[in-house]
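A.B. asks: structure for this input, please:
(2 chains)
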Amino acid sequence: MALPDDPEDLSPGAAAERTRLAWQRTAIAFGAVGLVMLREEPAAGLLVLVATPLIWLLGRYVSSAAPPQQRSRRLLLVTVAVTGVAAVAVVAAFIGHGLTRFR
Amino acid sequence: MGARAHQADRGGVTSSQHGHPDGEPGAPGPAAEPGNEKEPDARFTLANERTFLAWNRTALALVVAGLGIVQLLPPFPGVPWGRHALGVPLIVLGAVVSVTAYAEWRQNQTALRRRTPMPQSVLPRILVVTITGVAALSAVVLLVSAAR
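C.D. replies: Sure, this is the predicted structure:
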(Lines give C-alpha, C1' and ligand atoms only; values in the text may rest on other atoms or scores of the structure.)
Protein backbone atom coordinates (compact mmCIF):
# COMPACT_ATOMS: atom_id res chain seq x y z
CA MET A 1 0.00 0.00 0.00
CA ALA A 2 1.40 3.37 -1.01
CA LEU A 3 1.61 6.09 1.60
CA PRO A 4 -0.55 9.12 0.92
CA ASP A 5 1.10 12.46 0.07
CA ASP A 6 0.26 13.73 3.51
CA PRO A 7 0.71 11.35 6.48
CA GLU A 8 -2.29 13.09 7.99
CA ASP A 9 -4.47 11.24 5.50
CA LEU A 10 -3.79 8.02 7.42
CA SER A 11 -5.65 9.32 10.46
CA PRO A 12 -7.55 12.52 9.86
CA GLY A 13 -8.64 12.61 13.50
CA ALA A 14 -5.09 13.30 14.67
CA ALA A 15 -5.27 17.00 13.79
CA ALA A 16 -8.43 17.44 15.82
CA GLU A 17 -6.85 15.57 18.71
CA ARG A 18 -3.70 17.71 18.61
CA THR A 19 -5.86 20.80 18.65
CA ARG A 20 -7.79 19.54 21.66
CA LEU A 21 -4.51 18.89 23.45
CA ALA A 22 -3.31 22.39 22.57
CA TRP A 23 -6.43 23.83 24.18
CA GLN A 24 -5.77 21.74 27.28
CA ARG A 25 -2.17 22.95 27.49
CA THR A 26 -3.43 26.51 27.20
CA ALA A 27 -5.92 25.90 30.01
CA ILE A 28 -3.15 24.40 32.17
CA ALA A 29 -1.01 27.48 31.48
CA PHE A 30 -3.88 29.64 32.77
CA GLY A 31 -4.02 27.47 35.88
CA ALA A 32 -0.29 27.87 36.46
CA VAL A 33 -0.50 31.67 36.13
CA GLY A 34 -3.47 31.68 38.52
CA LEU A 35 -1.53 29.68 41.10
CA VAL A 36 1.49 32.01 40.87
CA MET A 37 -0.81 35.03 41.28
CA LEU A 38 -2.57 33.41 44.23
CA ARG A 39 0.62 33.79 46.24
CA GLU A 40 0.73 37.60 46.23
CA GLU A 41 -2.69 38.61 44.92
CA PRO A 42 -5.28 36.06 46.08
CA ALA A 43 -8.25 37.85 44.48
CA ALA A 44 -6.58 38.16 41.07
CA GLY A 45 -5.29 34.61 41.34
CA LEU A 46 -8.78 33.24 41.97
CA LEU A 47 -10.09 35.24 39.01
CA VAL A 48 -7.50 33.68 36.70
CA LEU A 49 -8.14 30.21 38.13
CA VAL A 50 -11.82 30.63 37.24
CA ALA A 51 -10.77 31.13 33.60
CA THR A 52 -9.00 27.75 33.57
CA PRO A 53 -12.03 25.43 33.31
CA LEU A 54 -13.57 27.94 30.89
CA ILE A 55 -10.66 27.59 28.44
CA TRP A 56 -10.72 23.83 28.93
CA LEU A 57 -14.40 23.73 28.03
CA LEU A 58 -13.83 25.92 24.98
CA GLY A 59 -11.31 23.33 23.79
CA ARG A 60 -13.72 20.46 24.29
CA TYR A 61 -15.96 21.86 21.63
CA VAL A 62 -13.32 22.04 18.93
CA SER A 63 -15.34 21.11 15.94
CA SER A 64 -14.16 21.73 12.43
CA ALA A 65 -17.81 21.91 11.52
CA ALA A 66 -18.31 24.99 13.70
CA PRO A 67 -19.18 28.09 11.67
CA PRO A 68 -16.24 30.50 11.15
CA GLN A 69 -18.00 33.24 13.12
CA GLN A 70 -18.16 31.00 16.18
CA ARG A 71 -14.51 29.91 15.91
CA SER A 72 -13.44 33.54 15.67
CA ARG A 73 -15.37 34.50 18.79
CA ARG A 74 -13.89 31.64 20.76
CA LEU A 75 -10.33 32.64 19.93
CA LEU A 76 -11.11 36.27 20.66
CA LEU A 77 -12.18 35.12 24.13
CA VAL A 78 -8.73 33.57 24.68
CA THR A 79 -7.01 36.79 23.63
CA VAL A 80 -9.28 38.85 25.89
CA ALA A 81 -8.50 36.51 28.79
CA VAL A 82 -4.72 36.64 28.26
CA THR A 83 -4.78 40.43 27.84
CA GLY A 84 -6.90 40.70 30.97
CA VAL A 85 -4.41 38.60 32.93
CA ALA A 86 -1.61 40.88 31.69
CA ALA A 87 -3.58 43.98 32.75
CA VAL A 88 -4.19 42.52 36.20
CA ALA A 89 -0.49 41.66 36.44
CA VAL A 90 0.57 45.24 35.59
CA VAL A 91 -1.87 46.64 38.15
CA ALA A 92 -0.63 44.14 40.72
CA ALA A 93 2.96 45.11 39.95
CA PHE A 94 2.31 48.79 40.62
CA ILE A 95 -0.47 49.13 43.16
CA GLY A 96 -0.67 45.64 44.63
CA HIS A 97 1.66 44.23 47.19
CA GLY A 98 4.45 45.02 44.80
CA LEU A 99 4.23 48.67 45.80
CA THR A 100 4.84 48.08 49.48
CA ARG A 101 8.10 46.41 48.53
CA PHE A 102 9.04 49.21 46.13
CA ARG A 103 11.79 50.75 48.19
CA MET B 1 -4.20 41.10 -0.45
CA GLY B 2 -5.20 42.17 -3.92
CA ALA B 3 -1.58 42.63 -4.95
CA ARG B 4 -0.97 38.99 -4.27
CA ALA B 5 -3.76 37.86 -6.53
CA HIS B 6 -1.48 36.83 -9.36
CA GLN B 7 0.46 34.56 -7.03
CA ALA B 8 -2.56 32.66 -5.95
CA ASP B 9 -2.13 29.93 -8.52
CA ARG B 10 1.19 28.90 -7.09
CA GLY B 11 -0.55 28.69 -3.77
CA GLY B 12 0.48 29.75 -0.30
CA VAL B 13 -0.58 26.46 1.18
CA THR B 14 1.32 23.25 0.74
CA SER B 15 0.46 19.62 1.06
CA SER B 16 -2.64 17.90 -0.16
CA GLN B 17 -5.82 19.80 0.17
CA HIS B 18 -9.22 18.25 -0.05
CA GLY B 19 -11.62 20.20 -2.12
CA HIS B 20 -8.89 22.10 -3.92
CA PRO B 21 -10.56 23.62 -6.92
CA ASP B 22 -7.55 23.45 -9.23
CA GLY B 23 -9.06 20.77 -11.38
CA GLU B 24 -12.57 22.07 -11.33
CA PRO B 25 -13.94 23.42 -14.56
CA GLY B 26 -15.05 26.99 -14.45
CA ALA B 27 -12.66 27.98 -11.68
CA PRO B 28 -9.35 28.46 -13.46
CA GLY B 29 -8.54 31.98 -12.35
CA PRO B 30 -6.91 33.27 -9.20
CA ALA B 31 -8.94 32.87 -6.08
CA ALA B 32 -7.89 36.03 -4.31
CA GLU B 33 -11.07 38.02 -4.76
CA PRO B 34 -13.33 37.95 -1.73
CA GLY B 35 -16.07 36.44 -3.84
CA ASN B 36 -13.93 33.38 -4.47
CA GLU B 37 -13.40 32.64 -0.79
CA LYS B 38 -13.88 29.07 0.25
CA GLU B 39 -13.55 27.41 3.62
CA PRO B 40 -10.14 25.67 3.71
CA ASP B 41 -9.48 22.07 4.63
CA ALA B 42 -10.35 21.61 8.30
CA ARG B 43 -6.78 20.53 9.02
CA PHE B 44 -5.42 23.92 7.93
CA THR B 45 -7.98 25.67 10.10
CA LEU B 46 -7.00 23.49 13.05
CA ALA B 47 -3.27 24.05 12.48
CA ASN B 48 -3.86 27.81 12.36
CA GLU B 49 -5.78 27.55 15.62
CA ARG B 50 -2.97 25.59 17.28
CA THR B 51 -0.47 28.24 16.22
CA PHE B 52 -2.67 30.88 17.82
CA LEU B 53 -2.93 28.85 21.03
CA ALA B 54 0.85 28.27 21.13
CA TRP B 55 1.47 32.03 20.90
CA ASN B 56 -1.00 32.59 23.71
CA ARG B 57 0.84 30.13 25.93
CA THR B 58 4.01 32.07 25.13
CA ALA B 59 2.15 35.23 26.13
CA LEU B 60 1.08 33.67 29.44
CA ALA B 61 4.65 32.54 30.11
CA LEU B 62 5.86 36.11 29.54
CA VAL B 63 3.22 37.48 31.91
CA VAL B 64 4.09 35.00 34.64
CA ALA B 65 7.83 35.66 34.17
CA GLY B 66 7.26 39.41 34.49
CA LEU B 67 5.07 38.94 37.53
CA GLY B 68 7.64 36.66 39.12
CA ILE B 69 10.39 39.23 38.61
CA VAL B 70 8.32 42.02 40.19
CA GLN B 71 6.80 40.10 43.08
CA LEU B 72 9.00 37.14 43.95
CA LEU B 73 12.53 38.43 43.34
CA PRO B 74 14.33 40.18 46.21
CA PRO B 75 14.98 43.86 45.36
CA PHE B 76 18.27 44.71 43.64
CA PRO B 77 20.46 46.53 46.18
CA GLY B 78 20.76 50.19 45.20
CA VAL B 79 18.37 49.85 42.21
CA PRO B 80 14.83 50.27 43.56
CA TRP B 81 13.30 50.47 40.06
CA GLY B 82 15.15 47.41 38.82
CA ARG B 83 12.47 44.76 39.23
CA HIS B 84 9.72 46.89 37.72
CA ALA B 85 11.93 47.95 34.81
CA LEU B 86 12.53 44.29 33.95
CA GLY B 87 9.17 42.76 34.79
CA VAL B 88 6.64 45.25 33.44
CA PRO B 89 7.96 45.18 29.82
CA LEU B 90 7.63 41.39 29.86
CA ILE B 91 4.01 41.60 31.05
CA VAL B 92 3.19 44.21 28.40
CA LEU B 93 4.90 42.03 25.79
CA GLY B 94 2.60 39.19 26.84
CA ALA B 95 -0.46 41.31 26.08
CA VAL B 96 1.01 42.48 22.75
CA VAL B 97 1.83 38.90 21.71
CA SER B 98 -1.69 37.73 22.50
CA VAL B 99 -3.42 40.53 20.56
CA THR B 100 -1.02 40.18 17.61
CA ALA B 101 -1.54 36.42 17.56
CA TYR B 102 -5.28 36.98 17.18
CA ALA B 103 -4.76 39.48 14.34
CA GLU B 104 -2.43 37.06 12.56
CA TRP B 105 -4.81 34.16 13.06
CA ARG B 106 -7.46 36.19 11.24
CA GLN B 107 -5.04 37.13 8.43
CA ASN B 108 -3.95 33.51 8.03
CA GLN B 109 -7.53 32.31 7.97
CA THR B 110 -8.35 34.84 5.25
CA ALA B 111 -5.28 33.78 3.25
CA LEU B 112 -6.27 30.12 3.53
CA ARG B 113 -9.78 30.92 2.42
CA ARG B 114 -8.58 32.87 -0.61
CA ARG B 115 -5.72 30.43 -1.29
CA THR B 116 -3.21 33.27 -1.26
CA PRO B 117 0.25 32.99 0.34
CA MET B 118 0.27 33.15 4.11
CA PRO B 119 1.35 36.58 5.38
CA GLN B 120 4.65 36.67 7.23
CA SER B 121 4.40 36.79 11.00
CA VAL B 122 5.78 39.81 12.86
CA LEU B 123 5.64 38.00 16.20
CA PRO B 124 9.17 36.51 16.12
CA ARG B 125 10.60 39.98 15.51
CA ILE B 126 8.57 41.55 18.34
CA LEU B 127 9.68 38.76 20.66
CA VAL B 128 13.37 38.98 19.72
CA VAL B 129 13.53 42.78 20.03
CA THR B 130 11.81 42.89 23.43
CA ILE B 131 13.66 39.95 24.95
CA THR B 132 16.99 41.33 23.75
CA GLY B 133 16.08 44.69 25.26
CA VAL B 134 15.14 43.13 28.59
CA ALA B 135 18.35 41.08 28.60
CA ALA B 136 20.42 44.21 27.99
CA LEU B 137 18.48 46.05 30.69
CA SER B 138 19.07 43.26 33.20
CA ALA B 139 22.80 43.52 32.53
CA VAL B 140 22.60 47.28 33.19
CA VAL B 141 20.58 46.75 36.38
CA LEU B 142 23.05 44.16 37.65
CA LEU B 143 26.06 46.35 36.85
CA VAL B 144 24.51 49.44 38.48
CA SER B 145 23.55 47.34 41.48
CA ALA B 146 27.06 45.93 41.80
CA ALA B 147 28.64 49.39 41.46
CA ARG B 148 26.71 50.80 44.41
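A.B. asks: from residue A:34, how far out is the residue positioned nearest the centre of chain B?
C.D. replies: In chain B, the centroid-proximal residue (C-alpha atoms, centre = their mean) is residue B:123; its distance is 3.7 Å. Taking C-beta to C-beta, to the nearest Å as the measure, residue B:123 falls 25 Å from residue A:34. Where you see a C-beta, it was placed from the backbone N, CA and C, and this is true even at glycine.
A.B. asks: ok, residue A:71 next?
C.D. replies: Residue A:71 sits 25 Å away from residue A:34, going by C-beta to C-beta.
A.B. asks: can you pull out the helices in chain A?
C.D. replies: For chain A, the helices defined by DSSP state H cover A:13-40, A:42-60, A:68-95, A:97-100.
A.B. asks: okay if I get those helices as a markdown table plus mean pLDDT and distance to chain B?
C.D. replies: Formatted as a markdown table, those follow (pLDDT from 0 to 100; distance: least, C-beta to the nearest C-beta, whole Å):
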| stretch | mean pLDDT | distance to chain B |
| --- | --- | --- |
| helix A:13-40 | 90 | 4 |
| helix A:42-60 | 88 | 8 |
| helix A:68-95 | 88 | 4 |
| helix A:97-100 | 47 | 5 |
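A.B. asks: now these in a markdown table, with mean neighbour count?
C.D. replies: Converted to a markdown table, those look like this (neighbours: other C-beta atoms under 10 Å in any protein chain shown):
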| stretch | mean neighbour count |
| --- | --- |
| helix A:13-40 | 18 |
| helix A:42-60 | 16 |
| helix A:68-95 | 18 |
| helix A:97-100 | 14 |
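A.B. asks: would CSV of the ones you listed with distance to residue B:52 be doable?
C.D. replies: What follows is these, written out as CSV (distance: least, C-beta to C-beta, whole Å):
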stretch, distance to residue B:52
helix A:13-40, 9
helix A:42-60, 12
helix A:68-95, 6
helix A:97-100, 31
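A.B. asks: figure out which of the ones you listed is closest to residue B:96.
C.D. replies: Residue B:96 sits nearest to helix A:68-95 of all those, at 8.7 Å, using C-beta to C-beta.
A.B. asks: list the residues that contact residue A:21.
C.D. replies: Neighbour list for residue A:21: empty [criterion: C-beta atoms under 8 Å, 6 or more residues apart in numbering or on different chains].
A.B. asks: chain B: helices as residue ranges?
C.D. replies: In chain B, the helices defined using DSSP H lie at B:42-71, B:82-114, B:123-147.
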